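In: Got a sequence here, can you build the structure:
(chains A, B, C and D)
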Number of protein chains: 4
Amino acid sequence: MSDDDPAAATALSLLTLGDYERAAATVLDPAALGYFAGGAADELSLHDNVLAWRRLAIRPRVLVGVGRRDPEVTVLGRARPHPLIVAPMAYQGLAHAEAEIGTARASAATGSIMCVPTFATVAHAAIAADAPAGTRWLQLYVFPDRGITRELIAEAVELGFEALVVTADLPVVGVRDRETRTEATVQSSTAELVRDESAAAPTPADLAGNVDPDLRWSDIEAFATEFPLPVIVKGVLTPEDALLAAEHGARGIVVSNHGGRQLDTALSAVDALDGVLDSVGDRLDVLVDGGVRRGTDVLKALALGARAVLVGRPVLWGLAVGGAAGAQRVLEILLDEFDRALALTGCPRAADLNRSFVTAAPWLAGRS
Amino acid sequence: MSDDDPAAATALSLLTLGDYERAAATVLDPAALGYFAGGAADELSLHDNVLAWRRLAIRPRVLVGVGRRDPEVTVLGRARPHPLIVAPMAYQGLAHAEAEIGTARASAATGSIMCVPTFATVAHAAIAADAPAGTRWLQLYVFPDRGITRELIAEAVELGFEALVVTADLPVVGVRDRETRTEATVQSSTAELVRDESAAAPTPADLAGNVDPDLRWSDIEAFATEFPLPVIVKGVLTPEDALLAAEHGARGIVVSNHGGRQLDTALSAVDALDGVLDSVGDRLDVLVDGGVRRGTDVLKALALGARAVLVGRPVLWGLAVGGAAGAQRVLEILLDEFDRALALTGCPRAADLNRSFVTAAPWLAGRS
Amino acid sequence: MSDDDPAAATALSLLTLGDYERAAATVLDPAALGYFAGGAADELSLHDNVLAWRRLAIRPRVLVGVGRRDPEVTVLGRARPHPLIVAPMAYQGLAHAEAEIGTARASAATGSIMCVPTFATVAHAAIAADAPAGTRWLQLYVFPDRGITRELIAEAVELGFEALVVTADLPVVGVRDRETRTEATVQSSTAELVRDESAAAPTPADLAGNVDPDLRWSDIEAFATEFPLPVIVKGVLTPEDALLAAEHGARGIVVSNHGGRQLDTALSAVDALDGVLDSVGDRLDVLVDGGVRRGTDVLKALALGARAVLVGRPVLWGLAVGGAAGAQRVLEILLDEFDRALALTGCPRAADLNRSFVTAAPWLAGRS
Amino acid sequence: MSDDDPAAATALSLLTLGDYERAAATVLDPAALGYFAGGAADELSLHDNVLAWRRLAIRPRVLVGVGRRDPEVTVLGRARPHPLIVAPMAYQGLAHAEAEIGTARASAATGSIMCVPTFATVAHAAIAADAPAGTRWLQLYVFPDRGITRELIAEAVELGFEALVVTADLPVVGVRDRETRTEATVQSSTAELVRDESAAAPTPADLAGNVDPDLRWSDIEAFATEFPLPVIVKGVLTPEDALLAAEHGARGIVVSNHGGRQLDTALSAVDALDGVLDSVGDRLDVLVDGGVRRGTDVLKALALGARAVLVGRPVLWGLAVGGAAGAQRVLEILLDEFDRALALTGCPRAADLNRSFVTAAPWLAGRS
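Out: Below is the predicted model:
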């Protein structure tokens, strides 16, 4: 690296997802930062999502020959180049002018699946038009007026989205103290469908307040039978609900506590995963979400039995710092780390990961 | 919220019970703060009361339909709109000129039961006269001269109080190092009945020194048979004593370590609750006290089997910051958080909460 | 307390053993402080001795009638007014000019047993002459020349000392990094018996280097049969050694890791106590030493089955701050706290304490 | 110690391995420090290596007679004066101009075995020529061109090295964020064999990138049969791989996570040791590596069943601070502490250490 290349110097200082998180905090305005970074109440689940991965130790094997690694996995019956999925995150325009279009390009460039949020800043059709490549899933907040939801789904089918991700853990908005203090106001084309026209500048909580608190498993079944897209239920944390998802026609679930934003002290996904997998086995695809910051976290998720891993805030930090290129770099860093983790764990094929490679950590991953 | 409304601005900064605690610390004089905030000895139980709730994780269920929540519970055989009870706290005049009258109004306005303390700053009759609405229980410190106690109870019957809460865990005063250093002096109309007339300005410890250290279970039985009010024993931490309470005619117990003010390193109530409930089942109503700061704490208490939850210091912080209105706001915040917790836990009726909704937390809730 | 009474003001600020520790650190010269306060190596055992008591929670009982408390215990077959024993500590003249004579007076005034150290600053006979009251035990470091030891014992018999406490855990001096850095030099009349005359100003380690590393159980048996005093072995941490002590004629043991000064990461006494008591039961008296700072610690020791408790550094901090009066005050504070702990635990007689009153703490007593 | 002897003053301040670590941090240039001190990713395994030893408590025995201690152990069938081995560390010239020659002299002077690194700054032959005394093992990074490796081994046989230590846990370079930020460039005579001639100043990662990722157990077997030296596999963390090592002709293994430099959150060696020893028993010699900073750590390793202990960074800190003399002093401190640990644990012969002397620590060795 030459001394007089500022781009290289910056790149050098952005080596890790943590670097992007710190850089984004200096770039974002306080309201946007509060909205994206904040969690529910005392933010115990928010922080525990990161620490939960550290409560697992890796048991690496050696001398198996790892010159060729293969990160390929199978999700919803299709081969994917790797297990990374960009989690649905609303109002990405708060992070960067490229908004969801930047994220879509980064996802496509890295072979990641993108979950397009209901409350996107940019219209879903515009995302598809301006970033045509890549695999997309539609994240659904369901409103009491199911007609709105059906329209969103019909449009997604039209746009070639490949699955529906129904958010189940936001029947009401969580106790978002940090978000309330920083008071972001947001724009979303979808929001026009549901919002009270009289409010000039809605907050995220205002818009989320339109979600139907009476969504039920029968709705999942209805979506699964009515539309040609596989349905994934996001926000499952118990074996009981995992079974119900399978019984109501879901093809997958995302084990998640909504990034620690909804119910503080809810279990972290990593701690719920064992029970969930014991109950449903292979009846549906189990994905996991929350706190993934290192390639070793991705490896641990797969070793526990998850088929893929949603990554949220880090992609947004990349977007905030550098638009599509920044988001892409975040995903590339994580993929490189995952590749090295496969080699150093002595399991060169991601599809071969299993529980023998992880164990409860003998150390303490305390909460600060 | 308009920018030029200072009341709204203040309200915005007082979002949580923790906010009220911090604000009260700036409003109270040091002696009052030391008395209210302090605990016994090294204050390990004081802090652990808050942390103990964090050692429980929530296992939320989804898609059950939570559009209507019902926080109603049954206490002493009567329906209550919600499980909040204002804990007995002495000398509330140290916090605010409205003293117990402010707290009584806040309790009544929110449908909470108020435990009126023996050592109230304001006479019990005056509380009843100036804040006639609301359900009241009388907290009893019992003196060697049982005549004084009988007079207090007879007056409480007269004033329409609905239960007696006999404090069992203050036979002597704890090692109150912080309180001793800050040296509050107090006034109490009840205190006139017991105090040494020669001491010009008694401390709380002086007055508490009049409590009978030889109170016994037979006294509980005597109160229960002699008076028309149900008796609740406050300060039980073992299954053995819970059984004794049932056998001696108590209708309820408060599992409590006296807010960490009496015996440092005594178990926190939340850790004692399982054993207590295993031993007494439904033979009496089990209430819980200590460290409740969030709606999720209330939910966890009920999930463990408690019928209601006493909240102490936070109400006092509200009183200190804003009189009756402040105390009321604290209770409202907690009720709003409890309502969201019911929705997000997927158990919309408080009466349906049970142990399946909580589990030992996989994380560490360390002591600082 | 009147505002213009500086003595009372000082007394108010010295409420706890922790207060005395902090005050002593400002009074002692750095070399003395380093010698007294320091532990072995990374001082993990030093700190853990204090924390270990916090890993026990108290299960208090209520309404048993505690107007009269009785702290009396039986040690070596004799009634003692309470379970406090002043641990052997060398070179007390480093702390205060009154040296062991001050400690002896404080011990006698409070009814505590004093362990007179081999390496006392003041001659043993002078201690007995200047502080004639009180019960004394002789702490023994045994030298290769057993004649010196026999002389010390014979003198102790003469002076009316009632037991021998043989230190078993200093065959060599521990890795005393803090002590080495601060370099105290010491004087001791006993030291004249063993030291190399050529060294002008010996360090504690120099003198301790004269202890016989080849002391064995057979020596214990020899002391027990040869002299008319009961023998107590100090420094036992395993059930195996507790049994050996009983088999070799010891009447008691002190479960101790030498105040964390000898072998870092050795078990704390409180953690060794259960195993020791399970193995020896009532075959000898089990005493405990290390980290006692609060009356609740004393209560826990007895609840676990110890007959008495040695208190070391805190007495020295009292001596440093106020001579005999300071040492006495430290013991009085601890006795007052112990008295309140008996009342609040609902076990007014110390002799009735048992394991039902304590349980493994649900909280974490982390190491900083 | 006289006041005017600066050498003695310095010696006094360098009492512990921690002192040398802190001193080295002030002496080394940032790039060298980053390379030597850094670990993988979030450095959780790096720190845990040190803390893992603290999760074991010692159960010391007393009165067994410890006047004579014997630190002798048997490694690869030969008696060694003590269990210390200097771990292989590359590019020691970054630490001090004496480089590996200084370390070789320190090792020889203290009777330690030295693992000579593949990537030594000084040629292997020069080390042997300039520091002829002492026992040496050759650490091997194996390259795709096995000819290079065979040449290195042949030379080692020629130079009298007594074993081969094949590094198994660096098929690819770990995520070395700290190292990447500080950017050391290195020189190594061996490096000339493998490096890309066009790169002017290679980094450690550049050179390590030449290691063969496809090294397999069959290579171990080939080395073991082809050369007259016993083969030790370094980097084993599972019982399964320990068995494979035995089956493929290895005479020993080093249980190690590569000093926390390769796979973050991999188990620490001390936590892997029990399982490994249960699986292989005496079929091969089990050595342990990582985080040894105190004589008690060495004792614990042997008590768990390891035959010897590799010490890495601390020797380098000694080298950095004082060349060969500094490295020697570090080893001497550790040996002195180990000697005292033998005495104070009541097990004067190192060969007699067994699991009865250690137990899981009741305290918490938290991660900061």
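In: which residues of chain A fall in strands?
Out: Secondary structure of chain A by DSSP state E: the strands cover A:56-58, A:73-75, A:78-80, A:84-86, A:113-116, A:135-140, A:163-167, A:231-236, A:252-255, A:285-289, A:308-311, A:358-360.
In: Is any residue of the first one near chain B?
Out: Spelled out, it's strand A:56-58. No - using Cβ under 8 Å from any Cβ of the partner chain, strand A:56-58 stays clear of chain B, coming no nearer than 10.7 Å. From N, CA and C alone the C-beta is placed, and that goes for glycine too.
In: Just the buried positions in stretch A:80-94, please.
Out: Neighbour-count burial for stretch A:80-94, counted by 16 or more other Cβ atoms under 10 Å in any protein chain shown, picks out A:80, A:82-94.
In: Could you save these as a markdown table and add columns showing distance to chain B?
Out: Shown next, in a markdown table, are the buried residues of stretch A:80-94 (distance: Cβ to the nearest Cβ, whole Å):
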| residue | distance to chain B |
| --- | --- |
| A:80 | 26 |
| A:82 | 28 |
| A:83 | 23 |
| A:84 | 25 |
| A:85 | 20 |
| A:86 | 22 |
| A:87 | 17 |
| A:88 | 16 |
| A:89 | 19 |
| A:90 | 18 |
| A:91 | 20 |
| A:92 | 25 |
| A:93 | 23 |
| A:94 | 20 |
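In: Quick check: the farthest pair among those?
Out: A:80 and A:94 (28.9 Å; Cβ to Cβ).
In: from the buried residues of stretch A:80-94, which is closest to residue D:54?
Out: residue A:83 (36.1 Å).
In: if I pick that closest one, what's in contact with it?
Out: A:71, A:73, A:75, A:298, A:301-302, A:306-309, A:338, A:350 (Cβ atoms under 8 Å, 6 or more residues apart in numbering or on different chains).
In: Selecting buried members of these in PyMOL, what would you type?
Out: Paste this into PyMOL to select the buried members of these, with burial taken from 16+ other Cβ under 10 Å:
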select buried, chain A and resi 71+73+75+298+301+302+306+307+308+309+338+350
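In: Make CSV out of the contacts of residue A:83 and add pLDDT.
Out: Below are the contacts of residue A:83 laid out as CSV (pLDDT from 0 to 100):
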residue, pLDDT
A:71, 98
A:73, 98
A:75, 98
A:298, 98
A:301, 98
A:302, 98
A:306, 98
A:307, 98
A:308, 98
A:309, 98
A:338, 98
A:350, 98
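In: what's the nearest residue to residue A:290 if we skip its chain neighbours?
Out: Computed as Cβ to Cβ, 6 or more residues apart in numbering or on different chains, the closest residue to residue A:290 that is not its neighbour in sequence is residue A:49, at 4.0 Å.
In: rewinding a little: could you export the buried residues of stretch A:80-94 to a markdown table, including columns for distance to residue D:216 and pLDDT?
Out: Below are these laid out as a markdown table (distance: Cβ to Cβ, whole Å; pLDDT from 0 to 100):
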| residue | distance to residue D:216 | pLDDT |
| --- | --- | --- |
| A:80 | 29 | 98 |
| A:82 | 26 | 98 |
| A:83 | 27 | 98 |
| A:84 | 30 | 98 |
| A:85 | 34 | 98 |
| A:86 | 37 | 98 |
| A:87 | 39 | 98 |
| A:88 | 43 | 98 |
| A:89 | 44 | 98 |
| A:90 | 49 | 96 |
| A:91 | 51 | 96 |
| A:92 | 46 | 97 |
| A:93 | 52 | 97 |
| A:94 | 51 | 97 |
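In: Count the residues that sit near the residue of the stretch 51-200 of chain A found nearest chain B.
Out: The stretch 51-200 of chain A approaches chain B most closely through residue A:168 (3.9 Å), counting by Cβ to the nearest Cβ. Residues near residue A:168, counting by other Cβ atoms under 10 Å in any protein chain shown, number 31.
In: correct me, but it touches residue A:231?
Out: No - with contact defined as Cβ atoms under 8 Å, residue A:168 does not reach residue A:231; the gap is 10.9 Å.
In: Whether stretch A:347-362 contacts chain C - can you check?
Out: No - in terms of Cβ under 8 Å from any Cβ, no part of stretch A:347-362 sits within range of chain C; the closest distance is 15.9 Å.
In: Please state the offset of that stretch from the chain centre?
Out: For stretch A:347-362, the separation from the chain centroid amounts to 22 Å (computed by Cα atoms, centre = their mean, to the nearest Å).
In: who's in contact with residue A:93?
Out: So residue A:93 contacts A:99-100, A:121-122, A:187 (Cβ under 8 Å, 6+ apart).
In: what does the stretch 151-300 of chain A put close to chain B?
Out: A:168-169, A:171-175, A:177, A:180-181, A:212-217, A:219-220, A:233, A:235-238, A:240-241, A:244, A:262-268, A:271-272.
In: Poorly predicted segments of the stretch 151-300 of chain A, please.
Out: A:195-199 (pLDDT under 70).
In: With adjacent residues omitted, what lies nearest to the most centrally placed residue in chain A?
Out: For chain A, residue A:87 is the residue whose C-alpha lies nearest the centre (Cα atoms, centre = their mean; 2.3 Å). In space, and not counting its chain neighbours, residue A:87 is closest to residue A:312: 3.5 Å by Cβ to Cβ, 6+ apart.
In: now swap in residue A:41 and tell me
Out: Closest residue in space to residue A:41, ignoring its immediate chain neighbours: residue A:264 at 3.7 Å, by Cβ to Cβ, 6+ apart.
In: Tell me how far that neighbour lies from chain D.
Out: Distance of residue A:264 to chain D, given as Cβ to the nearest Cβ, to the nearest Å: 23 Å.
In: residues in contact with that residue?
Out: Per Cβ under 8 Å, 6+ apart, neighbours of residue A:264: A:39-46, A:174-175, B:294, B:296.
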